[in-house]
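In: okay, here's the prediction I keep looking at, along with the sequence it came from:
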Amino acid sequence: MSETITSILEEHRSFEPPLGHSGSIASLDAYQALCAEFTEDSDASWGRLANKHLNWNKPFTEVLNRQHAPFFRWFEDGKLNLSENCLDRHIANGLGERNAIIWESEAGLVRHISYNALLADVCRAANAMSALGIEAGDRVIIYMPMIPEAAIAMLACSRIGAIHSVVFGAFSAQALRDRIEDTAARLIITADGGARRGAIHALKPNVDEALSKGCASIEHVLIVNHAGNNVDMRAGRDLDWHDALKAQPDQRPPLSVDSEHPLFILYTSGSTGKPKGILHSTAGYLLWARLTMLWTFDFRAESDVFWCTADVGWITGHTYSVYGPLACGGTTVMYEGVPTYPDPGRLWKLCADHAVTIFYTAPTAIRALIKAGDTWPEQHDLSKLRVLGTVGEPINPEAWMWYRDVIGQGRCPIVDTWWQTETGGHMITPLPFATATKPGSATLPLPGIDAAVVDEYGNEIKKGSGDGGLLVLRQPWPSMLRGIWGDDQRYIDTYWHKFNGSYYFAGDGARCDEDGYFWIMGRVDDVLNVSGHRLGTMEIESALVSHAGVAEAAVVGRPHDIKGEAICAFVTMKKTIDDSMATALAAELRAHVSKEIGAIAKPDDIRFADNLPKTRSGKIMRRLLRDIAAGRDIVSDTSTLEDQSVVQQLQQRR
Ligand code: WTA
């Protein structure tokens, strides 16, 4: 963490927000006034916003129930439906013909889907699910490429109160199986395949493989015929999505559910055990998805075209590709393909072709595109862009400046948004027309969000002291996770235990400067951030040791120019290996991890060792491994190391 602090401390540039704007929060004064309102009476402020921004079927009378803290309940006795708020509501306001989704395939096929058309398909899909016996509270797995049907499936679940759990399309059969088993889902919605770099990535075989062992809860699989791949259909279990929808009416009354009705489960990596099923509920999540669109992006549904490049398999895709833009009645762009296909100008061409006004992506994509050179963006008309966002990992000031100068042409404010799967939406971010920005800082908490940097004991660290600490949220917020699916104790232990139940512990290190600006320093636990994706070191270690030949494995991150962090695995085999076997074995282990988790978890480096460096009490010395992985001088204290010769051996083997 120490290198991050130094590079950050050298950053002194600051950029004023464009003036003369009349956005949702259009000045620092307006931001401060709203913050003050929350300080005065946060329940009243949240209540006012929830009444103003959501359509309720039954109004709530209590804003926040803290009785079962940290299991907070928001707007508890209110009733509403999410799909109604995202679709019917806008159609009733005369917006039925507005584009809800503009989708482009990697091959360049474009679909415009109006609110009317989207609602009709959502109703058909909801009816089709009901016909298969799916009821409110049932879990539905969505394992899809970035196609409109993924959004349709999500919204259809919410229409009937089913709980969706989207599994990233590049996750393996094993990862899919784990999620099916944990959720005990009854239905899977998938596709024959999706496009990736000009080829077809098949999905259905992974579903079949996952279902070949266990997964007894699954009764049906709905398959979208998208890529023209041949698919084995199992009679009685598998159904074609288009056939199933065709047979259904295009109307379906939305089911009014309680505010706290579960909306979705999304798995994310932690420092221990298998990925956790983060549970989000309906009203609070929806409120924040909508508000943050308006506040963070200054989103104007009538004139903006919003494009968040995240896949729906991640929280960013949930909140900002689907629910946020639709909750506002706006237009969202979906792209199925990789950013560099057929060339590194693809994202910029998409921005130009669809007149994108707000663009939101991860620093890793920006860094990769910087490498490709400025000629790519220069070939496309980016004059419609007005706000640019980043998410998922710290952005280095050089990438921030390039984004501002080359993509935003100096005109577009940049919002560096800090948040997590658990927070549902943005927590710390600039407001584009209110906050002066500093490259690399997520700046200030949103109104209503009580973020702070504290020491191990929960005492706030003085702003501007230069000292780093732990990032906490001191008050509950509506879009917070409601728990970990099926494991209440783990929810308490992971997020609340550290500060005795009084603060939410985010797992990130941060620093607050003299202006109160937050500088996120990265995870303080054993979670890696690879290309903006969270991966638990322990998950990768478990995958490695599940290989028959592996005795022990330790995984750490090392800095990487483009990905942020690269995965470095130290492995001891059950049998001694010689150097001539190392390359083939490393390839085999990488393939094994890919099969267990997915290609994103494949180690970049694998180093074989006779032993791993451990303390006398048997703990692996991860700090030491991080130094070795990064090729740094060893700064950690090695005096407690049991076998001193191990370090030398590991340093030699690279
Ligand atoms: C990291 C993604 C620095 C952080 C929305 C967090 C960031 C984890 C930023 C959550 C940012 C996210 N600056 N770091 N702007 N945004 N992170 O759950 O470590 O996939 O805890 O949610 O990403 O990752 P997750």
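Out: Now that the structure is in, tell me what you want to look at. Numbering: from 1, shown residues only.
In: report the mean per-residue pLDDT for stretch 399-411.
Out: Taken as a whole, stretch 399-411 has a mean pLDDT of 97.
In: typo on my end, it should be stretch 282-291
Out: Averaged across stretch 282-291, the pLDDT comes to 98.
In: what does stretch 309-329 give?
Out: Across stretch 309-329, pLDDT averages out at 98.
In: which parts of the stretch 351-500 of the chain sit against the ligand?
Out: By C-beta under 6 Å from any ligand atom, the part of the stretch 351-500 of the chain that sits against the ligand consists of 391-394, 416-421, 442. To be clear about C-beta, it is placed using only N, CA and C from the backbone, and glycine gets the same treatment.
In: what about stretch 12-31, distance to the chain center?
Out: Averaged C-alpha coordinates place stretch 12-31 at 27 Å from its chain's average position (C-alpha atoms, centre = their mean, to the nearest Å).
In: ok so, going back, in strands only, show me the residues of the stretch 351-500 of the chain next to the ligand.
Out: Taking DSSP state E, the ones among those that sit in strands are 391, 416-417.
In: save the residues you listed as TSV, and put in neighbour count too.
Out: Converted to TSV, those look like this (neighbours: other C-beta atoms under 10 Å):
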residue	neighbour count
Val391	26
Asp416	25
Thr417	23
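In: okay, the residues of the stretch 351-500 of the chain next to the ligand in a markdown table with pLDDT and distance to Asp455 next?
Out: Listed next are those as a markdown table, based on pLDDT from 0 to 100; distance: C-beta to C-beta, whole Å:
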| residue | pLDDT | distance to Asp455 |
| --- | --- | --- |
| Val391 | 97 | 27 |
| Gly392 | 95 | 27 |
| Glu393 | 94 | 24 |
| Pro394 | 93 | 21 |
| Asp416 | 98 | 25 |
| Thr417 | 98 | 26 |
| Trp418 | 98 | 20 |
| Trp419 | 98 | 23 |
| Gln420 | 98 | 21 |
| Thr421 | 98 | 26 |
| Ala442 | 98 | 20 |
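In: that older thread, for the ones in strands among the residues of the stretch 351-500 of the chain next to the ligand, which one is nearest Trp400?
Out: Distance from Trp400 was checked for each of these by C-beta to C-beta. The minimum falls on Asp416, at 7.2 Å.
In: quick one: the closest one from Lys462, how far?
Out: Relative to Lys462, Asp416 is positioned 23 Å away (C-beta to C-beta, to the nearest Å).
In: and Val593, how far from Val140?
Out: Distance, Val593 to Val140, by C-beta to C-beta: 28 Å.
In: for Asn51, same thing?
Out: Summarising the geometry, the distance separating Asn51 from Val140, computed by C-beta to C-beta, is 31 Å.
In: so which of these two has more stuff around it?
Out: Between Asn51 and Val140, counted using other C-beta atoms under 10 Å, Val140 has the larger neighbour count: 26 against 14.
In: mind listing what that one touches?
Out: Contacts for Val140 were tallied using C-beta atoms under 8 Å, 6 or more residues apart in numbering; they are 129, 134, 153, 157, 162-165, 185-189.
In: and the strands in the stretch 151-300 of the chain?
Out: Taking DSSP state E, counting those that start in this stretch as the criterion, the stretch 151-300 of the chain carries its strands at 163-166, 187-191, 193-196, 199-202, 220-224, 238-240, 257-258, 262-268, 276-281.
In: need the winner for burial among the ones you listed.
Out: Among the strands of the stretch 151-300 of the chain, ranked by average contacts under mean count of other C-beta atoms under 10 Å, first place goes to strand 187-191 (a mean of 27).
In: tell me the strands beside that one, with direction?
Out: Paired neighbours of strand 187-191 in the sheet (DSSP bridges): strand 139-143 (parallel), strand 220-224 (parallel).
In: which one of these lies closest to the ligand?
Out: strand 139-143 (17.5 Å; C-beta to the nearest ligand atom).
In: tell me, how many residues neighbour the residue of the stretch 551-654 of the chain found nearest the ligand?
Out: Closest residue of the stretch 551-654 of the chain to the ligand, C-beta to the nearest ligand atom: Gly564 (9.0 Å). Using other C-beta under 10 Å as the criterion, Gly564 is surrounded by 24 other residues.
In: wait, it sits on Thr364?
Out: Yes - at 5.9 Å, Gly564 and Thr364 qualify as touching, with contact defined as C-beta atoms under 8 Å.
In: which residues do the two both contact?
Out: Between them, Gly564 and Thr364 share the neighbouring residues 393, 531-532, with contact defined by C-beta under 8 Å, 6+ apart.
In: now Leu255: closest residue in space that isn't a chain neighbour?
Out: For Leu255, ignoring the flanking residues on the chain, the nearest one in space by C-beta to C-beta, 6 or more residues apart in numbering is Gly161 at 4.7 Å.
In: how close does the closest residue to Glu106 other than its chain neighbours get to Glu378?
Out: For Glu106, the nearest residue in space outside its immediate sequence neighbours is Gly337; the separation is 2.8 Å by C-beta to C-beta, 6+ apart. To Glu378, Gly337 is 22 Å away according to C-beta to C-beta.
In: for these two, work out which one has more neighbours and name it.
Out: Comparing Gly337 with Glu378 by other C-beta under 10 Å, the one with more neighbours is Gly337, at 21 against 11.
In: His201 is in contact with the more buried one, correct?
Out: No - Gly337 lies out of contact with His201 (C-beta under 8 Å); the separation is 10.6 Å.
In: overlap of the contact sets of the two?
Out: When contacts are counted by C-beta under 8 Å, 6+ apart, Gly337 and His201 have Ala195 as shared neighbours.
In: sorry, back to before: which of the residues of the stretch 351-500 of the chain next to the ligand sit farthest apart?
Out: The two members of these with the most space between them (C-beta to C-beta) are Asp416 and Thr421, at 17.9 Å.
In: from the ligand, how far off is Ala216?
Out: Counting by C-beta to the nearest ligand atom, to the nearest Å, the gap between Ala216 and the ligand amounts to 30 Å.
In: cool, Leu431 as well?
Out: Computed as C-beta to the nearest ligand atom, the Leu431 to the ligand distance reads 15 Å.
In: can you name the residues that contact the residue nearest the centre of the chain?
Out: Ranked by distance to the mean C-alpha position of the chain (C-alpha atoms, centre = their mean), the top residue is Ile315 at 3.3 Å. Counting by C-beta under 8 Å, 6+ apart, Ile315 touches 266, 268, 278, 420-421, 424.
In: give me that answer again for 7 Å
Out: Residues counted as contacts of Ile315 (C-beta atoms under 7 Å, 6 or more residues apart in numbering) are 266, 421.
In: and the residue of the stretch 51-200 of the chain nearest the ligand?
Out: Ranked by C-beta to the nearest ligand atom, the top residue of the stretch 51-200 of the chain for proximity to the ligand is Phe168, at 10.8 Å.
In: my read: that residue touches Gly313, true?
Out: Yes - counting by C-beta atoms under 7 Å, Phe168 does reach Gly313; the two are 2.8 Å apart.
In: more neighbours: which of these two?
Out: Each of Phe168 and Gly313 has its neighbours counted (other C-beta under 10 Å); Gly313 has more, 24 against 20.
In: how close does that one get to Ala199?
Out: In this view, Gly313 and Ala199 are 19 Å apart by C-beta to C-beta.
In: over to Met154?
Out: The spacing between Met154 and Ala199, counted by C-beta to C-beta, is 26 Å.
In: which one of the shared contacts of Gly564 and Thr364 has the most neighbours?
Out: Neighbour counts for the shared contacts of Gly564 and Thr364 (other C-beta under 10 Å) peak at Glu393, which has 23 neighbours.
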